[in-house]
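> Test case, fold it:
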Amino acid sequence: MLIGVAEDNVRQPTLVEAKVEMDLLVRAGFNAVRVTQIWAPGETTPSAADQRILRNVVQAARLDGVQVLLTVMNFGNRTTPLTEQERGEFAAYAAALASALPQVRYFVIGNEPNINRYWLPQFSSDGTDAAAPAYEALLVRAYDALKAVSAKIVVLGGALSPRGGDDPDSIRPTHSPTAFLTDLGAAYRASGRTRPIMDGLALHPYEDNSSVAPIDGVHPNSTTIALADYDKLVALLGTVFAGTAQRGSTLPIYYDEFGVEAQIPPAKASLYTGREPATVKPVPEPVQGAYYRQAVELAFCQPNVRGLFLFHAIDERDLNRWRRVCSTSTGRRSRIFARCARRSRRPIAASSPTAQASRCGRAAASSSRFVHCQRRRFSATSTARTSSPFAAAAAWRLARAAAPLAA
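Just a heads-up that it's a prediction; the model follows:
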């Protein structure tokens, strides 16, 4: 399983600079990185400057044995590719990236098309879903264009936000992943297509806020899909794509963006600007680390999941944005980074990797047994021993080798 980070700081103008940033991720225990590339209407090929930067990323990743996921996306809702011409341009742009970067195997198409920040319109004038059918049409074009470059490319669709309102009259029109995937499947069926539209699903399974432990983030009675809602997600995929050429309940899943906000230590407060939104509910650093450990273990115990990517490795200065506390907002590596690296070499479970993997496989057979198993394990482990989110990376790679649940 890939244990990665969504981090554009590796996009550097020289190979040396990119390698420095990539080395830091490897020291922390990551084996994958997700980077973004922005498309704009009218573009059919990335600029020479962007190609040079991405080549630096790819070369640095190859030297460090890191897998690269490349997200190709529009910048925001004003550049949503809605017309046939724009979809063709987007697909050509993605294919040009694949041709220029043959080492990149994974491509994520778009970013959170189920929310209005990245995709408009979300609803038609009659209140029906406008976003999912339009995104399905884009995904078809991008899938075919990328496969024409190489059949080995893995096309990841969705990159969905974990929640949405499903209300066409809302001042912030959004779709839940449950509604979006249902409508995506309906659009796919209506098209009559006999080929798949994606090789895997990308999802951003954030919790309702940072104070919610991953094992507690279960939503049996709502349309939200978070980390612990794996069974619901697999069942949904099986339903919406049943009887089609698109894999459903066996579709590989990539959690390509997940994070927990940490409280800023008083000594570092001067490095940040702005105000923290009250809805975020950040947690102390040890709790953040424990939650990341839970997230990795949950993902590892979910058979269809192929990767989990934390967001980010380096803090953003604005308190209204994201903080992960492996590095400060200025880019200076904080002391916790060194602790992350040290703890990535420690075991995170008392049992052997083989026994742990076997226990996960049995527990994942049912949601209730799975959560019960996880609760017993987490409650018996002290926060002090599990405060690093990165410790899980090395240990679970060993577990993968011993008893792989998802190749």
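> hey, where'd the strands end up in the stretch 101-250 of the chain?
106-109, 154-160, 200-203 (DSSP state E, counting those that start in this stretch).
> Off-centre distance for the longest one?
Think strand 154-160. 9 Å (Cα atoms, centre = their mean, to the nearest Å).
> Partner strands of it, with direction?
Neighbouring strands of strand 154-160 in its sheet, by DSSP bridges, are strand 106-109 (parallel), strand 200-203 (parallel).
> can I get those strands in JSON lines with mean neighbour count?
Backbone N, C-alpha and C define where each C-beta goes, glycine included. Below are those laid out as JSON lines (neighbours: other Cβ atoms under 10 Å):
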{"stretch": "strand 106-109", "mean neighbour count": "25"}
{"stretch": "strand 200-203", "mean neighbour count": "25"}
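> residue contacts, the residue lying closest to Pro81 once chain neighbours are set aside?
Taking Cβ to Cβ, 6 or more residues apart in numbering as the measure, Pro81 lies nearest to Phe90, with 4.6 Å between them; neighbours along the chain are not counted. Shown in contact with Phe90 (Cβ atoms under 8 Å, 6 or more residues apart in numbering): 39, 72, 74, 81, 138, 141-142.
> still on that earlier bit, got the strands of the stretch 101-250 of the chain as CSV, with distance to Asp23 and mean pLDDT columns?
Below are these laid out as CSV (distance: least, Cβ to Cβ, whole Å; pLDDT from 0 to 100):
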stretch, distance to Asp23, mean pLDDT
strand 106-109, 21, 98
strand 154-160, 26, 98
strand 200-203, 26, 98
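> between the ones you listed, which one is nearest to His219?
Relative to His219, the nearest member of these by Cβ to Cβ is strand 200-203, separated by 13.3 Å.
> With only the CA atoms kept, save that closest one in CSV.
Backbone C-alpha positions of strand 200-203 (Å, rounded to 0.1, in the frame of the first residue of the first chain) are rendered in CSV as follows:
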residue,chain,number,x,y,z
GLY,A,200,-9.6,3.4,-9.4
LEU,A,201,-11.5,5.9,-7.3
ALA,A,202,-9.8,8.8,-5.5
LEU,A,203,-11.5,10.1,-2.3
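> contacts for that strand?
Here strand 200-203 has contacts from 108, 154-160, 162, 177, 225, 233, 237, 251-256, 306, using Cβ under 8 Å, 6+ apart.
> Could you rerun that using 6 Å?
By Cβ atoms under 6 Å, 6 or more residues apart in numbering, the residues outside strand 200-203 that reach it are 108, 156, 158-160, 251-256.
> Next: stretch 28-45.
2-8, 10-11, 57, 66-69, 71-72, 74-75, 79, 86, 89-90, 92-93, 96, 256, 309, 340-341, 344, 390, 393-394.
> do the same with stretch 116-134
With contacts defined as Cβ under 6 Å, 6+ apart, stretch 116-134 is touched by 77, 80, 82, 111-113, 168, 172-174, 180, 183-184, 187.
> Please repeat the previous calculation with a cut-off of 7 Å.
Applying Cβ atoms under 7 Å, 6 or more residues apart in numbering, the external contacts of stretch 116-134 come out as 74, 76-77, 80, 82, 111-114, 135, 168, 172-175, 180, 183-184, 187.
> Same question for stretch 160-176.
With Cβ under 7 Å, 6+ apart as the test, stretch 160-176 has contacts from 112, 114-116, 122-123, 127, 129, 131-132, 177, 179-180, 203-206, 223-226.
> Give me the buried entries from those.
112, 114-116, 122-123, 129, 131-132, 177, 179-180, 203-206, 223-226 (16 or more other Cβ atoms under 10 Å).
> Mind checking which of these land in helices?
Within those, residues falling in helices by DSSP state H are 131-132, 177, 179-180.
> Rebuild the residues you listed as JSON lines, extending it with pLDDT and distance to Thr45.
Output for those, formatted as JSON lines (pLDDT from 0 to 100; distance: Cβ to Cβ, whole Å):
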{"residue": "Ala131", "pLDDT": "98", "distance to Thr45": "27"}
{"residue": "Ala132", "pLDDT": "98", "distance to Thr45": "28"}
{"residue": "Pro177", "pLDDT": "98", "distance to Thr45": "32"}
{"residue": "Ala179", "pLDDT": "98", "distance to Thr45": "35"}
{"residue": "Phe180", "pLDDT": "98", "distance to Thr45": "30"}
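> For the strands of the stretch 101-250 of the chain, give me TSV that also has distance to Ala148.
As requested, the strands of the stretch 101-250 of the chain are exported to TSV (distance: least, Cβ to Cβ, whole Å):
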stretch	distance to Ala148
strand 106-109	13
strand 154-160	12
strand 200-203	19
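> These: which one's closest to Lys147?
strand 154-160 (7.3 Å).
> If you count neighbours, what's buried in the closest one?
Residues 154-160 are the ones in strand 154-160 that count as buried (16+ other Cβ under 10 Å).
> beta partners for Trp39?
Beta bridges link Trp39 to Asn74, judged by DSSP bridges.
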